[in-house]
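>>> show me how the following folds:
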Amino acid sequence: MRPGITIQHSRDVVRDSATVRTDVTGFVGLILKDRWPRNVKAGDFMELPLKSFGELSNNPAHILFDAVTRRAIQAFFENGGEECRLFGICIESQQVLCEYDPNEGVFAPLLDRLRSQEDIAILVMPALAYMPVRYEKRGWPTVMCQPTMEMLLNHCREMNNRFLILDTPRDLHERPLMRWVRAFREKNSESASYGAVYYPWLMNGDETFPPSGSVAGIFARTDSEHAPFGVRWPPANQLLRGVTHPAVEIKWKDSGELAEANINPILTQPARGVVLWGARTLSKDAKWLHINSRRIVSFISEQLRRDSEWVVFENQRPELWQIIGRMVRARLDMLWGAGLLTGDQAGSEYQVQCDREINPPEVVDAGQVNVKVLVRPMSTAEYIVVDLRLGQ
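Okay, here's the model as predicted:
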């Protein structure tokens, strides 16, 4: 051994997990009763992993899925998407999309499957855009499929690792649209940061279609172009491909009013083309106003969770808390270096706590470990607490 070199053995185990992907999109489509395969029932579903639109169009099963979802997947790949998963749920009629069910109804098996798919980071259900809108007195709109929209939004909040892209309903414009978005946002305030709405619909020649598939492609494209930490960049100021013009022309001076109403406008920009302009969530909370703020924190939470999966096999002891704390700080240092977190130097503006104070005996006896992380993403001036509950 060379003089001056000391070898010290450590009980720490270096554990690293792959960087979480944020571009994989889940499409929820419909299989109506007249197209059900044999021996299925309402709530059964079919799943297809796709890496190109050709994999869908050349699959004999593609005719089972509704045309709206198939068109959205085409737009997804046209706009830079690289991988998605298509889920087609068997329903007896579209009326089930309009009914509240605290037990998730026919969607329960599909949602259980989505919970097991941890790589899905973006969620879309384009067929909802075609559901009817009813107007009450004084012009207040009721979107009939809102129960399904809320169910998917709450699912994204429950998972804390995915984001819902919503289309505006086909027959909703101007003041009624703003009224509906405001009411939807206020009713779902706890989940509002996990979704965004886009307006108007798009056209390619004479064809009209909702924008969610194209928008999901831009989310994925932005993430891939800036991989592995593309969530830092807002999915905005991006050209839409496969589009000739918006179905409704929005003037630039009116785009600000839509953005203030948490509606992301799609506009025509001279000499450029059709541009996805807004990047706001449905939330009015300053911490979650911007899509990349929400997605950065969701990404950090999911990354730290996966980094810490090994904890379930460890015995509870103070040394374990120290190991976890060092591991979390090392990951945050890496994310700070990638530009996701603020601070003049690594560790200056984020904190990690994993000690006896937040791990009292009852937590230890339950085989769990609590970790509290305080971070400030680059896209917000607010500090955000990430609570990790690890173990059994």
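>>> buried ones in the one helix or strand His155 maps to, by neighbour count?
Of the helices and strands defined by DSSP states H and E, His155 is found in helix 146-159. By 16 or more other C-beta atoms under 10 Å, the buried positions in helix 146-159 come out as 146-157, 159. C-beta coordinates here come from the backbone N, C-alpha and C atoms, glycine included.
>>> keeping just the C-alphas, turn the longest helix seen in the chain into PDB.
Longest helix in the chain, counting residues (DSSP state H): helix 318-337. C-alpha atoms of helix 318-337 as PDB (Å, rounded to 0.1, in the frame of the first residue of the first chain):
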ATOM      1  CA  PRO A 318     -30.400   5.500  13.400                       C
ATOM      2  CA  GLU A 319     -27.600   4.500  11.100                       C
ATOM      3  CA  LEU A 320     -30.200   3.700   8.400                       C
ATOM      4  CA  TRP A 321     -31.600   7.200   8.700                       C
ATOM      5  CA  GLN A 322     -28.100   8.600   8.100                       C
ATOM      6  CA  ILE A 323     -27.600   6.400   5.100                       C
ATOM      7  CA  ILE A 324     -31.000   7.500   3.600                       C
ATOM      8  CA  GLY A 325     -30.300  11.100   4.300                       C
ATOM      9  CA  ARG A 326     -26.900  11.000   2.500                       C
ATOM     10  CA  MET A 327     -28.500   9.100  -0.400                       C
ATOM     11  CA  VAL A 328     -31.300  11.600  -0.800                       C
ATOM     12  CA  ARG A 329     -28.900  14.600  -0.600                       C
ATOM     13  CA  ALA A 330     -26.700  13.000  -3.300                       C
ATOM     14  CA  ARG A 331     -29.700  12.700  -5.600                       C
ATOM     15  CA  LEU A 332     -30.700  16.200  -4.900                       C
ATOM     16  CA  ASP A 333     -27.200  17.400  -5.600                       C
ATOM     17  CA  MET A 334     -27.400  15.700  -9.000                       C
ATOM     18  CA  LEU A 335     -30.700  17.300  -9.800                       C
ATOM     19  CA  TRP A 336     -29.400  20.700  -8.700                       C
ATOM     20  CA  GLY A 337     -26.500  20.200 -11.100                       C
END
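>>> list the buried residues of that helix.
So helix 318-337, judged by 16+ other C-beta under 10 Å, has buried residues 320-321, 323-325, 327-329, 331-332, 335-336.
>>> cool, stretch 52-72 as well?
Here stretch 52-72 shows 53, 55-56, 62, 64-66, 68-72 as buried, counting by 16+ other C-beta under 10 Å.
>>> between its first and last residues, how far does stretch 47-57 reach?
End-to-end distance for stretch 47-57, by C-alpha to C-alpha, to the nearest Å: 15 Å.
>>> tell me which residues are up against it.
Residues from elsewhere that reach stretch 47-57, judged by C-beta atoms under 8 Å, 6 or more residues apart in numbering: 59, 61-62, 70, 73-74, 76-78, 82-88, 113.
>>> repeat the analysis, applying 7 Å as the threshold.
By C-beta atoms under 7 Å, 6 or more residues apart in numbering, the surrounding residues in contact with stretch 47-57 are 59, 62, 70, 73-74, 77, 82-87.
>>> those in helices, which ones?
Reading helices off the contacts of stretch 47-57 with DSSP H, I get 70, 73-74, 77.
>>> mind exporting the C-alpha coordinates of stretch 302-315 to CSV?
Taking C-alpha atoms only, stretch 302-315 is exported to CSV below (Å, rounded to 0.1, in the frame of the first residue of the first chain):
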residue,chain,number,x,y,z
GLU,A,302,-40.9,9.5,-7.9
GLN,A,303,-37.1,9.4,-8.3
LEU,A,304,-36.5,9.5,-4.5
ARG,A,305,-39.2,6.8,-4.0
ARG,A,306,-37.5,4.4,-6.5
ASP,A,307,-34.1,5.2,-5.1
SER,A,308,-35.3,4.2,-1.7
GLU,A,309,-37.1,0.9,-2.5
TRP,A,310,-34.4,-1.1,-0.9
VAL,A,311,-35.3,0.3,2.5
VAL,A,312,-38.1,-2.1,3.0
PHE,A,313,-35.6,-4.9,3.5
GLU,A,314,-33.5,-3.1,6.1
ASN,A,315,-33.7,-3.1,9.9
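>>> that one: how far from the chain's middle?
With C-alpha atoms, centre = their mean, to the nearest Å as the basis, stretch 302-315 stands 22 Å off its chain's centre.
>>> buried residues in that stretch, which are they?
Buried residues in stretch 302-315, defined by neighbour count with 16+ other C-beta under 10 Å: 302-305, 307-308, 311, 314.
>>> export those residues to TSV and tack on pLDDT and secondary structure?
As requested, the buried residues of stretch 302-315 are arranged in TSV below (pLDDT from 0 to 100; DSSP: H, G, I helix; E, B strand; the rest coil):
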residue	pLDDT	secondary structure
Glu302	97	helix
Gln303	97	helix
Leu304	96	helix
Arg305	94	helix
Asp307	95	helix
Ser308	93	coil
Val311	90	helix
Glu314	86	coil
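>>> nearest to Ile291 among these?
The nearest member of those to Ile291, counting by C-beta to C-beta, is Glu302 at 16.1 Å.
>>> hang on, that closest one packs against Asn161?
Yes. Counting by C-beta atoms under 7 Å, Asn161 is a contact partner of Glu302 at 4.2 Å.
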